[in-house]
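Chemist: requesting a structural model of the entry that follows:
(one chain, ligands or ions: 1)
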Amino acid sequence: MTVVIKIGTSNITHATGHLDIRHMEKLVKVLSDLKNAGHRIVLVSSGAIAMGVGKLGLAQRPADMPGKQAAAAVGQCELMYTYDKLFSEYNHTVAQILLTGSDVENDARREHFVNTMTRLLEMGALPIINENDTVATEEIAVGDNDSLGAIVACAIGADLLVLLSDIDGLYTADPRRDPSARLIDYVQTVTPEIEALAGAAGSGLAVGGMATKLKAAKMTGALGIEMVIANGSDPQLLYDILEGKNVGTRFGGNREAQK
Ligand code: GLU
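Modeler: Sure, this is the predicted structure:
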C-alpha cells in the first residue's frame, strides 16, 4: 500500500534541538523494512527548525519569521543529510521535496508535484517532504505538517496517512490533566463533538496539536483515505498500523471490510 507517514519534531530531536539518534535510527530501520516488504512509503518530516536551533547553538526557537526561516535553512540540510546517511545503510534512496501552500493550491504546480511523486515512487525512491520554511510566509504557508501530510496523502491518492507525534491518539479529555481520560480507538467521521475534544496543544520546539490532526482527518476522510494518530516514540507500531491493528486512533475508511 501507499502510506504517507508524518513524523513530528519531538520524535526525532531532543529538547535541545539536537538529533535524537536513537529514535531516528529506529524510525529509519522500520521504514526501510516496510519498503522492503513492498509498501510505497512517503515521509513528511518536521524537525528542520528544531535541528537548526541545535546546530546554530541557539538558546531557543526564534520567535521572528526570518529567524525561524534561517534556522529551517540550516536544519533542513542536517535533517536530509541524516536521513540520506541512515537510509543508505539499508540501500534506500531518499528524495527531498519542499512545498509551500501556494504550490499545492496552484493547479499546474500541484500537477508537477504529483507527477514527480509518481515517478519517484516508480523509481523506488523514498520522498521526504517538508514545508519550504525558508520562503513560506504566513500568507502562503500550510503552517503545520499534519495538514501538509493530509495534502500530500490526498494529492497522491495514498491508502493511509499516519501522523506520528508525542501523543498516543485522541482522548476523551486531556490525559495530562484528567486521569479518567480514555483513548478513542476509532472515529468514523470527524463531527463537531469530536472536534470539541481537541485542545490547542503543541509545546516546545514542535508545531501543531490535536486541532491540526483532526483537520487532517477531515481532509483525508473526505477522500476515503484512512488516517491514524499514534505515538512516534515506538516506530515498531507502524507494523501493526499497516496491518490494520488497533494502535492509537484510526479515522475513516471502511473498517468492517478489513476484518
Ligand atoms: N516545517 C517545520 C519544521 O520542519 C515543522 C512544522 C510542523 O511540525 O508542523 O521544523
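
Chemist: CA only for contacts and neighbour counts going forward, please
Modeler: Will do.

Chemist: what's near enough to touch I41?
Modeler: 2-5, 31, 34-35, 126-127 (CA atoms under 8 Å, 6 or more residues apart in numbering).

Chemist: please redo it, this time with the cut-off set to 10 Å
Modeler: Neighbour list for I41: 1-5, 31-32, 34-35, 121, 124-128, 158 [criterion: CA atoms under 10 Å, 6 or more residues apart in numbering].

Chemist: what about it, helix or strand, and which?
Modeler: Using DSSP states H and E, I41 maps to strand 40-45.

Chemist: only C-alpha atoms, please: export the helix or strand that that strand is followed by in CSV.
Modeler: Later in the chain than strand 40-45, the nearest helix or strand by DSSP H and E is helix 48-56. What follows is helix 48-56 as a C-alpha-only set of coordinates in CSV (Å, rounded to 0.1, in the frame of the first residue of the first chain):
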residue,chain,number,x,y,z
ALA,A,48,14.1,21.5,10.3
ILE,A,49,13.6,24.5,12.6
ALA,A,50,14.5,22.5,15.7
MET,A,51,17.6,21.0,14.2
GLY,A,52,18.7,24.5,13.0
VAL,A,53,18.3,25.7,16.6
GLY,A,54,20.5,22.8,17.7
LYS,A,55,23.1,23.3,15.0
LEU,A,56,23.3,27.0,15.4
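
Chemist: hmm, who's touching helix 48-56?
Modeler: Around helix 48-56, the neighbours that count as contacts under CA under 10 Å, 6+ apart are 9-10, 12-20, 47, 57-62, 67-80, 130-134, 204-206.

Chemist: distance between the helix or strand following that helix and the chain's centre?
Modeler: Reading on from helix 48-56 to the C-terminus, the next helix or strand found by DSSP H and E is helix 65-89. Averaging C-alpha positions (CA atoms, centre = their mean, to the nearest Å) puts helix 65-89 15 Å from its chain's average.

Chemist: helices or strands up against helix 65-89?
Modeler: Helix 65-89 sits against helix 21-36, strand 40-45, helix 48-56, strand 94-99, strand 126-131, with contacts defined as 3 or more CA pairs under 10 Å, 6 or more residues apart in numbering; DSSP states H and E.

Chemist: still on that earlier bit, who does the strand holding I41 pair up with?
Modeler: With DSSP bridges as the test, strand 40-45 is paired with strand 2-7 (parallel), strand 126-131 (parallel).

Chemist: what kind of secondary structure is S147 in?
Modeler: With DSSP: H, G, I helix; E, B strand; the rest coil as the basis, the three-state label of S147 is helix.

Chemist: gap between A50 and E131?
Modeler: Using CA to CA, to the nearest Å, one gets 14 Å for the distance from A50 to E131.
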